[in-house]
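Asks: Sequence and predicted structure, then a few things I'm wondering about:
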Amino acid sequence: MSSDASDNPSGSSGGGTGVSAYRVLARKYRPRRFEELVGQEAMVRTLANAFESGRIAQGYMLTGVRGIGKTTTARLIARALNYSLGDKPSVRMDEMGEHCEDILESRHVDVIEIDAASHNSVENIREIVEQVRYRPIAARYKIYIMDEVHMLSKPAFNALLKTLEEPPEHVKFIFATTEIRKVPVTILSRCQRFDLRRVDAAAMIEHLKRICESEKVTAEEEALRLIARAAEGSVRDALSLLDQAIAHGGDKVRGEEVSAMLGLMDKARIIDLFEALMKGRMAEALEMFGEQHALGADPLNVLADLAAFTHLVTKLKVLKEKGLDAAVTEEERNRAVRLAEALPMAALTRAWQMLLKGMEETTAAPRPPEAAEMVLIRLAHAADMPPPGELVRKLREQEDRGAPGVSGAATASAPAPAAPSPSPSRGEAAPPVEGRHERESDMAPAPVRNEAQAAATTARKLPPMPEDFQQIVELAGRMRDLRIKDALERWVRPVGVSGAVLEIALEEGAPPELPGELGGRLSAWTGRRWTVVLSTEPGMETIATQERRRRDSLFARAENHPHARALLESFPQARIISVRPPENTAGGEPHDSHDDED
């Protein structure tokens with residue numbers, strides 16, 4: 001890993017007596033060659049092949065999370081395009097060329113960096129469009145690096161579009177954004193796109209180790225794991241946290257100090273808390289949380305760590321040990337494996353949902369510690385609840401015990417009080433008790449239905465199974481799901497319906513999640529499991545296309561009608577805006593009039 005030590009004569013990162021100002025690690029160890037980029041090998045390989053074959057795009061779009069290296073990569077691409085130690089652009093830049101230092105330090109006259117967050121108006125883009133016609137002063141290409149490009153206004157994007165599509169040969173554009181979905185597709189389609197990947201924990205830890213060795217700092221493995229996990233794949237965040245940890249601990253970076261600095265509970269204590277919650281030990285869990293909060297643990301971070309450990313245990317239950325990454329310690333691994341074997345999937349998924357909901361509540365609560373405690377109480381209470389399958393079994397057993405065959409008096413609820421009858425006189429006999437029970441039985445509600453009766457009632461409530469695509473569209477309308485109905489009419493080209501299998505093709509631009517969502521809706525509506533298959537056949541036209549074709553046919557007929565032509569000739573400003581299909585006259589013959597011209 002190279003550094004900018006040559007630019008910092010003191011060579012010190014923490015309180016040296018050199019004359020140069022201190023440089024934070026994120027700037028000091030910024031990559032100066034493609035080989036120094038961490039975790040972006042696929043992008044570098046693609047660029048190398050493109051440069052070797054001469055397939056150099058007019059625009060590049062770099063996207064990824066904050067701190068992943070988008071601006072640094074943009075400068076490296078600009079350096080590669082203008083690399084002077086060769087007759088063409090190259091990603092192999094072992095030596096510094098004529099323009100390299102100035103480009104890396106963002107001071108080259110032909111490499112213009114623009115912050116789109118503060119220069120997002122159409123006037124700013126028009127200035128760029130005016131400047132692109134002038135050739136570069138010193139370098140091979142004039143390059144515009146535009147950071148946070150998604151912040152441009154819609155008119156600004158439109159002003160840039162034509163120039164980006166057909167720029168002069170001496171101009172290249174490099175865009176960077178964290179919000180790729182906000183960039184218009186017309187811009188994306190004219191750029192070569194690179195999605196910069198989050199750096200995985202193993203690569204991040206190795207990167208931090210090399211920097212610690214270069215800085216002559218001793219760092220515990222656990223401390224680097226905590227930093228790598230907290231950075232969530234962002235190199236800049238990881239180096240900033242390492243910088244802070246070095247300042248906190250001097251020449252030694254310890255796991256306990258990093259944990260305290262980040263406001264985290266110790267991982268072993270998180271697992272202890274998780275086990276107490278999963279066993280329903282409510283008082284013990286609250287006591288453990290209170291101790292850690294007193295030591296500085298942030299309530300929201302505690303819930304986030306519990307959610308992360310819940311995810312780890314669930315992933316291990318599904319993927320076994322293939323679900324582990326380098327940020328997991330040996331102790332975490334062993335205890336998580338045991339818990340994955342012991343806990344049912346229903347308990348884990350329930351805990352995950354409750355923690356996510358609890359994190360939202362804690363964020364919005366005026367007193368986060370109390371909100372977090374209530375989340376822990378709910379988790380511990382839910383641990384004593386039987387799984388849903390057990391609840392259903394017990395309910396069915398109760399229904400079976402109350403099924404027909406038991407006497408009416410035993411199953412009936414208490415009837416409404418009857419009008420008091422006169423007390424018998426001393427010589428009269430009281431009415432027989434059996435007769436009173438029979439009357440109460442007559443007034444009682446019907447016995448609890450058995451499962452067959454319930455299933456029959458449910459089947460009667462379900463709509464009939466659709467037999468063709470048109471019936472599926474009509475079913476969506478009856479269910480008042482207008483969004484699915486619109487999607488069916490607009491995006492779906494039907495191929496065939498067979499039983500509970502719908503075979504379709506999709507129009508270009510259709511939502512990719514539509515087949516799965518459609519299958520779920522049909523299953524819920526009909527009570528049968530549906531399968532939606534994407535066919536390789538073109539299928540029929542969409543309903544929307546058929547409707548447009550029918551409408552165009554009506555308009556064509558209206559325009560060719562003699563009466564309509566006469567009206568249009570008499571009133572040149574008139575136009576046909578609506579056409580109704582012919583209506584039947586009293587004699588049964590179609591009436592071919594079109595009276596909607598204006």
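Replies: Received, thanks. Computed from a predicted structure; not experimentally measured.

Asks: And the strands in the stretch 451-598 of the chain?
Replies: Here the stretch 451-598 of the chain has its strands, by DSSP state E, counting those that start in this stretch, at 492-498, 501-506, 531-534, 583-584, 590-591.

Asks: and the ones you listed as JSON lines, adding distance to Arg55?
Replies: Yep, even glycine has a C-beta here, placed from its N, CA and C like the rest. Listed next are these as JSON lines, based on distance: least, CB to CB, whole Å:
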{"stretch": "strand 492-498", "distance to Arg55": "35"}
{"stretch": "strand 501-506", "distance to Arg55": "31"}
{"stretch": "strand 531-534", "distance to Arg55": "32"}
{"stretch": "strand 583-584", "distance to Arg55": "62"}
{"stretch": "strand 590-591", "distance to Arg55": "62"}
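
Asks: where does the stretch 251-400 of the chain dip in pLDDT?
Replies: 263-266, 321-327, 329, 386-400 (pLDDT under 70).

Asks: Against Thr536, how distant is the closest residue to Ile180 other than its chain neighbours?
Replies: Leaving aside its sequence neighbours, Ile180 sits nearest to Thr63 (CB to CB, 6 or more residues apart in numbering; 4.2 Å). For Thr63, the distance to Thr536 (CB to CB, to the nearest Å) stands at 32 Å.

Asks: Could you do Lys252 as well?
Replies: Using CB to CB, which is the criterion applied here, Lys252 is 62 Å from Thr536.

Asks: the more surrounded of the two?
Replies: Lys252 (13 against 7; other CB atoms under 10 Å).

Asks: Can you report phi and psi for the residue lying closest to the more buried one once chain neighbours are set aside?
Replies: Closest residue to Lys252 apart from its sequence neighbours, by CB to CB, 6+ apart: Thr218 at 4.9 Å. The phi and psi values for Thr218, taken as degrees, to the nearest 10, are phi -90, psi 130.

Asks: from what I can see Thr218 touches Val253, true?
Replies: Yes: using CB atoms under 8 Å, Thr218 makes contact with Val253 at a distance of 7.1 Å.

Asks: joint contacts of these two?
Replies: The contact sets of Thr218 and Val253 overlap at Cys212 (CB atoms under 8 Å, 6 or more residues apart in numbering).

Asks: Of the two, which one has the most company?
Replies: Val253 (26 against 13).

Asks: Please enumerate the strands of the chain.
Replies: 59-63, 111-115, 142-147, 171-177, 192-195, 218-219, 252-253, 492-498, 501-506, 531-534, 583-584, 590-591 (DSSP state E).

Asks: Tabulate the ones you listed (CSV), appending distance to Leu226.
Replies: Below are these laid out as CSV (distance: least, CB to CB, whole Å):
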stretch, distance to Leu226
strand 59-63, 28
strand 111-115, 33
strand 142-147, 30
strand 171-177, 29
strand 192-195, 27
strand 218-219, 11
strand 252-253, 10
strand 492-498, 49
strand 501-506, 46
strand 531-534, 45
strand 583-584, 77
strand 590-591, 80
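
Asks: and of those, who's closest to Asn301?
Replies: strand 252-253 (19.5 Å; CB to CB).

Asks: now the closest one: how far from the chain's centre is it?
Replies: On the basis of CA atoms, centre = their mean, to the nearest Å, strand 252-253 sits 37 Å off its chain's mean C-alpha point.

Asks: Summarise which helices and strands that strand is packed against.
Replies: In this structure, strand 252-253 packs against strand 218-219, helix 235-249, with contacts taken as 3 or more CB pairs under 8 Å, 6 or more residues apart in numbering; DSSP states H and E.

Asks: Could you say which of these is packed most deeply?
Replies: Among these, ranked by average contacts under mean count of other CB atoms under 10 Å, first place goes to helix 235-249 (a mean of 21).

Asks: Can you pull out the residues in contact with that helix?
Replies: Under the contact criterion CB under 8 Å, 6+ apart, helix 235-249 has outside partners 13-14, 24-26, 29, 38, 66-69, 199, 204, 207-208, 211-212, 215, 217, 219, 223, 227-228, 230-231, 253, 257-258, 261-262.

Asks: repeat that for 6 Å
Replies: 14, 24-26, 38, 67, 69, 199, 204, 208, 217, 227, 231, 253, 257-258, 261 (CB atoms under 6 Å, 6 or more residues apart in numbering).

Asks: just stretch 71-80 next, same as before
Replies: 30-31, 34, 62, 89, 91, 100, 103-104, 111, 143, 145, 147, 174, 176.

Asks: List just the nearest of those to Pro344.
Replies: Each of the contacts of stretch 71-80 was checked against Pro344 using CB to CB; the closest is Leu62, at 44.2 Å.

Asks: ok, the closest residue to Val129 other than its chain neighbours to Arg126 distance?
Replies: With sequence-adjacent residues excluded and distances taken as CB to CB, 6+ apart, Val129 is closest to Thr163, at 5.0 Å. Between Thr163 and Arg126 the computed distance is 10 Å (CB to CB).

Asks: Can you find the helix or strand of this structure with the lowest average pLDDT?
Replies: When the helices and strands of the chain are compared on mean pLDDT, DSSP states H and E, helix 408-411 comes out lowest with a mean of 36.

Asks: that older thread, my read is that the residue nearest to Ile180 contacts Lys182, right?
Replies: No: using CB atoms under 6 Å, Thr63 is not in contact with Lys182; the gap is 10.6 Å.

Asks: Who has more neighbours out of these two?
Replies: Each of Thr63 and Lys182 has its neighbours counted (other CB under 10 Å); Thr63 has more, 21 against 11.

Asks: Is that one bridged to anything, and to what?
Replies: Listed beta-bridge partners, Thr63: Thr177, Asp195 (assigned using DSSP bridges).

Asks: Return the residues in contact with it.
Replies: Contacts of Thr63 (CB under 6 Å, 6+ apart): 177, 180, 195.

Asks: so which of those comes closest to Ala276?
Replies: Asp195 (41.2 Å).

Asks: and that closest one, how far is that from Ala156?
Replies: From Asp195 to Ala156 the distance is 24 Å (CB to CB).

Asks: same thing with Ser189?
Replies: Distance from Ser189 to Ala156, by CB to CB: 17 Å.

Asks: I'd like the helices and strands packed on strand 252-253 as a markdown table, with mean pLDDT and distance to Tyr134 appended.
Replies: Shown next, in a markdown table, are the helices and strands packed on strand 252-253 (pLDDT from 0 to 100; distance: least, CB to CB, whole Å):
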| stretch | mean pLDDT | distance to Tyr134 |
| --- | --- | --- |
| strand 218-219 | 89 | 50 |
| helix 235-249 | 87 | 34 |
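
Asks: Nearest to His311 among these would be which one?
Replies: helix 235-249 (20.4 Å).

Asks: Only C-alpha atoms, please: export that closest one in CSV.
Replies: Presented in CSV, the C-alpha positions along helix 235-249 are these (Å, rounded to 0.1, in the frame of the first residue of the first chain):
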residue,chain,number,x,y,z
VAL,A,235,-13.0,2.4,3.3
ARG,A,236,-13.2,6.1,4.2
ASP,A,237,-15.3,5.3,7.3
ALA,A,238,-12.9,2.5,8.3
LEU,A,239,-9.9,4.8,8.1
SER,A,240,-11.7,7.6,10.0
LEU,A,241,-12.6,5.2,12.8
LEU,A,242,-9.0,3.9,12.9
ASP,A,243,-7.7,7.5,13.0
GLN,A,244,-10.0,8.1,16.0
ALA,A,245,-9.0,4.8,17.7
ILE,A,246,-5.3,5.7,17.3
ALA,A,247,-5.9,9.1,18.8
HIS,A,248,-7.8,7.5,21.7
GLY,A,249,-5.3,4.8,22.5
